[in-house]
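Chemist: with the input below, show me the fold.
(chains A and B)
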Number of protein chains: 2
Amino acid sequence: MKEEQERARRPGGRSARVRTAVHQAVSALVAERGYGNFTVGDVAARAGVADTSIYRRWGTLEALTKDVALAGLTAQSPIPDTGSLEGDLRAYAAHVARDITGPEGPAVLRLVIALSTAGEDGMRARDDFLAERTRQMEVMLDRARARDEPTPDVLAVVDHVLAPMYIRSLFGAESLTPGYVDDLVDHVLRTLTGPRA
Amino acid sequence: MKEEQERARRPGGRSARVRTAVHQAVSALVAERGYGNFTVGDVAARAGVADTSIYRRWGTLEALTKDVALAGLTAQSPIPDTGSLEGDLRAYAAHVARDITGPEGPAVLRLVIALSTAGEDGMRARDDFLAERTRQMEVMLDRARARDEPTPDVLAVVDHVLAPMYIRSLFGAESLTPGYVDDLVDHVLRTLTGPRA
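Modeler: Numbers count the residues shown, from 1 in each chain, chains lettered A, B, ... in the order given. Have a look, this model is predicted:
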């Protein structure tokens, strides 16, 4: 749980309060209107701060939105350290499932996807989102390799654990039950820990 | 290939020309502005038809957009019939990969996802998209069962063949090479043709 503490921002202070209010305003506007349908002025009005405070701190709406998406992501999905890869992946996948089925979860995912059509800044935000998820998983996989556990490739975990959960969440196809999420993890560990074809 | 013919609309005639022009206008507007950022009036102007023609035929922008998404989907991904499940799934997956990496592919996917935040009509459009994909695959899986081939559950194909391709396309993570797509199909056939846990 060390990573969680390292990543926690210092609490308190006006700067932190502004950041929280602005982040909440962006999340609310994304949920209500969708990305691309609000301006920095809308965010400022909702958060009760001046437009100039937002421009000074974040520069552009894209940069702000990316900050919100990454903050939501890193705050919500801590990297577990249970002593075994199976335990870590099960705990991690359960966290991700809870996040993306929670009230704001699909909004963050949709936001990242919408960003990818929003020019170069948006593309970078999307790439950063995936890089952050990949980095989180590599921490778990590296620990498993150090313990000499059979370990899948990080892309195998993206393809066969995260992708099914994301797609089911985005398409609202089925609920992500704990049994279903555990099965995804078990299937990857059972079938994809050798060298990939 | 029977399903393709059954689904083909009668060609020619003013009605068909209007439909084509309106569909092209919607696709162009989705690609340029994103769903939610244009009106029926914009579509009519781009297609060179009267607003009233669109309202009379489709009722709402959501219904029209759903029609465009489903038409694109069914036209682009015919159901192969190669004589073996492996051949069918490889051909089908290759088709889907080509569609979603093509110039309009991610736009259709993003559209369906955006629709899911667009009220009840949008939710129905999204559900219809998934139902259509599922129906296409069930045709192949039913034929395989009739031939007594070991056959995965349709949701296993959604989770482990379609979901990785969709997520990689949406996040732009990696290109969908033919070898990668074949590996996804082989992996499902090798590991998920028994009864699911």
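
Chemist: the host helix or strand of A:Phe129 and chain B in contact?
Modeler: Assigned by DSSP states H and E, A:Phe129 belongs to helix A:119-146. Yes - under the criterion of Cβ under 8 Å from any Cβ of the partner chain, chain B is reached by helix A:119-146 at A:Met123, A:Arg126, A:Asp127, A:Phe129, A:Leu130. (C-beta placed from N, C-alpha, C; glycine too.)

Chemist: which secondary structure elements does that helix contact?
Modeler: With contacts taken as 3 or more Cβ pairs under 8 Å, 6 or more residues apart in numbering or on different chains; DSSP states H and E, helix A:119-146 sits against helix A:61-76, helix A:85-101, helix A:105-115, helix A:154-157, helix B:163-171.

Chemist: among these, which comes closest to B:Leu61?
Modeler: Smallest distance to B:Leu61 across the helices and strands packed on helix A:119-146 (Cβ to Cβ): 18.4 Å, for helix A:105-115.

Chemist: and A:Gly83, its phi and psi?
Modeler: In terms of degrees, to the nearest 10, the main-chain angles of A:Gly83 are phi 100, psi -20.

Chemist: can you tell me how far it is from chain B?
Modeler: Distance, A:Gly83 to chain B, by Cβ to the nearest Cβ, to the nearest Å: 24 Å.

Chemist: A:Leu70 now?
Modeler: 14 Å.

Chemist: and the helices and strands packed on helix A:119-146, which one is worst for confidence?
Modeler: Lowest mean pLDDT of those: helix A:105-115, a mean of 66.

Chemist: what is the burial count for A:Asp81?
Modeler: A:Asp81 is flanked by 14 other residues according to other Cβ atoms under 10 Å in any protein chain shown.

Chemist: test my guess that it contacts A:Asp88.
Modeler: Yes - the pair A:Asp81 and A:Asp88 qualifies as a contact (Cβ atoms under 8 Å) at a distance of 6.7 Å.

Chemist: shared neighbours of these two, which are they?
Modeler: Between them, A:Asp81 and A:Asp88 share these contacting residues under Cβ atoms under 8 Å, 6 or more residues apart in numbering or on different chains: A:Arg143.

Chemist: ok, now how distant is A:Ser53 from B:Gln24?
Modeler: 44 Å (Cβ to Cβ, to the nearest Å).

Chemist: I misspoke; the intended subject was A:Val22.
Modeler: 40 Å.

Chemist: neighbour-wise, which of the two wins?
Modeler: Taking neighbours as other Cβ under 10 Å, A:Val22 and B:Gln24 compare with A:Val22 leading, 24 against 14.

Chemist: was I right to think that one contacts A:Val43?
Modeler: Yes - between A:Val22 and A:Val43 there is a contact under Cβ under 8 Å: 6.3 Å.

Chemist: overlap in contacts of those two?
Modeler: Residues touching both A:Val22 and A:Val43 (Cβ under 8 Å, 6+ apart) are A:Ile54, A:Leu64.

Chemist: the residue lying closest to A:Gly36 once chain neighbours are set aside: neighbour count?
Modeler: Of all residues beyond its chain neighbours, the one nearest A:Gly36 is B:Gly34 (5.4 Å), with distances taken as Cβ to Cβ, 6 or more residues apart in numbering or on different chains. Neighbour count for B:Gly34, taken as other Cβ under 10 Å: 20.

Chemist: give me the buried positions along the helix or strand hosting A:Val188.
Modeler: Secondary-structure element containing A:Val188, defined by DSSP H and E: helix A:178-191. Going by neighbour count (16 or more other Cβ atoms under 10 Å in any protein chain shown), the buried part of helix A:178-191 is A:Tyr180, A:Val181, A:Asp182, A:Asp183, A:Leu184, A:Val185, A:His187, A:Val188, A:Leu189, A:Thr191.

Chemist: before we move on, what about stretch A:28-37?
Modeler: Those would be A:Ala28, A:Leu29, A:Val30, A:Ala31, A:Gly34, A:Tyr35, A:Gly36, for stretch A:28-37 by 16+ other Cβ under 10 Å.

Chemist: filter the residues you listed down to just the ones in helices.
Modeler: Counted as lying in helices by DSSP state H, out of the buried residues of stretch A:28-37, are A:Ala28, A:Leu29, A:Val30, A:Ala31.

Chemist: possible to save the residues you listed as CSV with pLDDT and distance to B:Thr151?
Modeler: Formatted as CSV, these follow (pLDDT from 0 to 100; distance: Cβ to Cβ, whole Å):
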residue, pLDDT, distance to B:Thr151
A:Ala28, 85, 46
A:Leu29, 86, 46
A:Val30, 78, 41
A:Ala31, 73, 40
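
Chemist: mind putting the residues you listed in TSV, distance to chain B included?
Modeler: Output for these, formatted as TSV (distance: Cβ to the nearest Cβ, whole Å):
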residue	distance to chain B
A:Ala28	14
A:Leu29	13
A:Val30	10
A:Ala31	8
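
Chemist: let me have the helices and strands packed on helix A:119-146 in a markdown table, extended by distance to B:Gly48 and mean neighbour count.
Modeler: Shown next, in a markdown table, are the helices and strands packed on helix A:119-146 (distance: least, Cβ to Cβ, whole Å; neighbours: other Cβ atoms under 10 Å in any protein chain shown):
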| stretch | distance to B:Gly48 | mean neighbour count |
| --- | --- | --- |
| helix A:61-76 | 34 | 20 |
| helix A:85-101 | 42 | 20 |
| helix A:105-115 | 29 | 22 |
| helix A:154-157 | 46 | 20 |
| helix B:163-171 | 32 | 22 |
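
Chemist: returning to what we had before: mind checking how far the helix holding A:Phe129 is from the chain centre?
Modeler: 9 Å (Cα atoms, centre = their mean, to the nearest Å).

Chemist: pLDDT on that helix, on average?
Modeler: 81.

Chemist: re earlier: of the helices and strands packed on helix A:119-146, which is nearest B:Leu141?
Modeler: Of those, nearest to B:Leu141 by Cβ to Cβ is helix B:163-171, at 16.7 Å.

Chemist: now do the closest one: which elements does it pack against?
Modeler: Applying 3+ Cβ pairs under 8 Å, 6+ apart, one finds that helix B:163-171 makes contact with helix A:105-115, helix A:119-146, helix A:163-171, helix B:85-101, helix B:105-115, helix B:178-191.
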